[in-house]
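Colleague: How does the following fold in three dimensions:
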Amino acid sequence: MGTTELLSVPFSLYSRKAETADYNNLQNTPIFYKVAYTGDFYDLNNKPEGVIFGDMLYWDETKWVRIPPGQNGQQLTFCNGIPIWGVCPDTILIPIEELIEITEIENCLLSDDHTAEGILVAYPNGCIDHFFRLDPGLSGHHIGNNDQIVKRSSCDDGYSWTTPEKIFNSNWDDRNIRGGITNNGVVLIFFRQYDATKDSTINLNYILSSDYGLTWSEPFNIMGIGLCDFCTYSDYINHLKDNYYMLSQTLMGYSEIQFFTIDDTIIHWIGEKYIFDFRGLKNIDEPRFAHLGDGKIMGLFRDDLGSNYFQTTSSDYGKSWTIPVKTNLNNNIFSPNPEIFYDESTDILYVIGTDRGSPNISNALWVYANRPNEVFGNPNGYKLIKKLERPHPTNFRLYGYPATTRLSNGDYLIIFTESYKKENGKEQADFYQFRIKYK
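Modeller: Residues are numbered from 1 along each chain as shown. Next up, the predicted model:
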């Protein structure tokens, strides 16, 4: 080999002479891994090795490290250049249960009237409106054509409330109060008009206010316009992006996801919909949804066959959904309408369940808190933070149906309905509340 050719081999410049003609006797030579004599990848030395389908590997400068497959929808994050499932460990400084405090239950509205369900709406000035169904006096009951939709207000984070005032009533039972507030401040109240004497639905409607609940539109009938005419009620709204919202409508075993935009005077229905049709298969009912951002949505359904909640998820702004599957919420006990909400500032997903297991005197409220990635593809990953005993335990069912709003200080106010049987045999319903506080 000539001098020029020898100098063109970089390592040879730094190698001492070999005592023999064998390359392996050279000093300071680079280390080469063996090639496959057969041309087969599997004959290579030091090749990366997976274990199961879906494995991923990364090089840590000394060896290949295996990352097992994640759950559907689980987030892969790079922490200091290293890929891991979930969020970086250094961003979770304290366990969730050490960050929050669940307060004790306190009285909220106890009267002779039957007061139940409803929604909480918070305004930019820090005040709150509570909208709900009120059936007046000792004759008030779970159903009845003498009720009205009312509101009461608080400007001290729910420590005191105004006297309820009527915002709408008709000749029917105006019930199943749902809705919410849009990003531009329009308050929407969805409700069902129901004939309690004939046990039949008359209409599905909504009313709106563009001045923070001071004045209200006439009711808009949404039956016969291409939505779900045979559904028993409409539900809560979820903001997805820009002027784009989601609403569910439900019948036992069946639910439709509707989409809309809105201005100050009316909803504009987009016409797209997603249908959950499990009639005769799964008795899904009374769903609640939480948008986690970037089109990822978590949903929970009541199970009217007498068990706990189903979970479904979407990763494309509600255009497609996973098949509802059972969760570990409420210890598999029959539970009505769940509450689910996401706090973006702390990256915590909350679920509040109320059960109606036997015996009713032991019914309770269940408060769960998780990082979204812990449960988005893992319906059995919910972590119970606190279980609260019902405030007025009797052999009559706990009503439940919690409503939630974020307060001006970042805490959450939760109002739910307790019930018992009156001496006249009718159902009595009252409001109680508690808070989720940040330490």
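
Colleague: Tell me the span between the first and last residue of stretch 382-398.
Modeller: 22 Å (CA to CA, to the nearest Å).

Colleague: roughly how far out does it sit from the chain middle?
Modeller: Averaging C-alpha positions (CA atoms, centre = their mean, to the nearest Å) puts stretch 382-398 20 Å from its chain's average.

Colleague: How about residues contacting it?
Modeller: Outside stretch 382-398, the residues that touch it by CB atoms under 8 Å, 6 or more residues apart in numbering are 96-97, 100, 102, 104-105, 107, 327-329, 351, 354-356, 359-370, 374-375, 418-421, 427, 430, 432, 434. Every C-beta, even on glycine, is put in place using the N, C-alpha and C of the backbone.

Colleague: Return the set of buried residues in that stretch.
Modeller: Y382, L384, I385, K386, L388, R390, P391, P393, F396, R397, L398 (16 or more other CB atoms under 10 Å).

Colleague: swap in stretch 140-154?
Modeller: Quick answer for stretch 140-154 (16+ other CB under 10 Å): 140-145, 147-154.

Colleague: and if you look at stretch 106-117?
Modeller: Quick answer for stretch 106-117 (16+ other CB under 10 Å): C108, L109, D113, H114, T115, A116, E117.

Colleague: quick one: which of those sit in strands?
Modeller: C108, L109, H114, T115, A116, E117 (DSSP state E).

Colleague: Pretty sure I361 sits in a strand.
Modeller: No - looking at I361 with DSSP: H, G, I helix; E, B strand; the rest coil, it is helix, so not inside a strand.

Colleague: Which residue comes closest to it once chain neighbours are left out?
Modeller: P393 (4.7 Å; CB to CB, 6 or more residues apart in numbering).

Colleague: where along the stretch 51-200 of the chain do the helices fall?
Modeller: In the stretch 51-200 of the chain, the helices defined using DSSP state H, counting those that start in this stretch lie at 96-99.

Colleague: Weed out the non-buried ones from the contacts of stretch 382-398.
Modeller: 96, 100, 102, 105, 327-329, 351, 354-356, 360, 363-370, 374-375, 418-420, 427, 430, 432, 434.

Colleague: among those, which are in helices?
Modeller: I96, E374, V375 (DSSP state H).

Colleague: in the sheet, who's paired with V150?
Modeller: Note on V150: beta-bridge partners F132, K166, judged by DSSP bridges.

Colleague: What separation is there between it and D235?
Modeller: 20 Å (CB to CB, to the nearest Å).

Colleague: go on, T250?
Modeller: 6 Å.

Colleague: Pull up the overlap in contacts between those two.
Modeller: Contacts common to T250 and D235, judged by CB under 8 Å, 6+ apart, are E286, P287.

Colleague: residues in contact with G253?
Modeller: If you count contacts by CB under 8 Å, 6+ apart, G253 has them with D277, F278, R279, G280, L281, K282, N283, I284, D285, D304.

Colleague: buried subset of those?
Modeller: For these, buried by 16+ other CB under 10 Å: F278, K282, N283, I284, D285.

Colleague: can you pull the contacts of the nearest residue to L110 once chain neighbours are set aside?
Modeller: Distance criterion CB to CB, 6+ apart; nearest residue to L110, sequence neighbours excluded, is D430 at 4.6 Å. Neighbouring residues of D430 by CB under 8 Å, 6+ apart: C108, L109, L110, S111, T115, H392, T417, E418, S419.

Colleague: Out of those residues, flag the one nearest to C228.
Modeller: Ranked by distance to C228 (CB to CB), the contacts of D430 are led by T417 at 25.6 Å.
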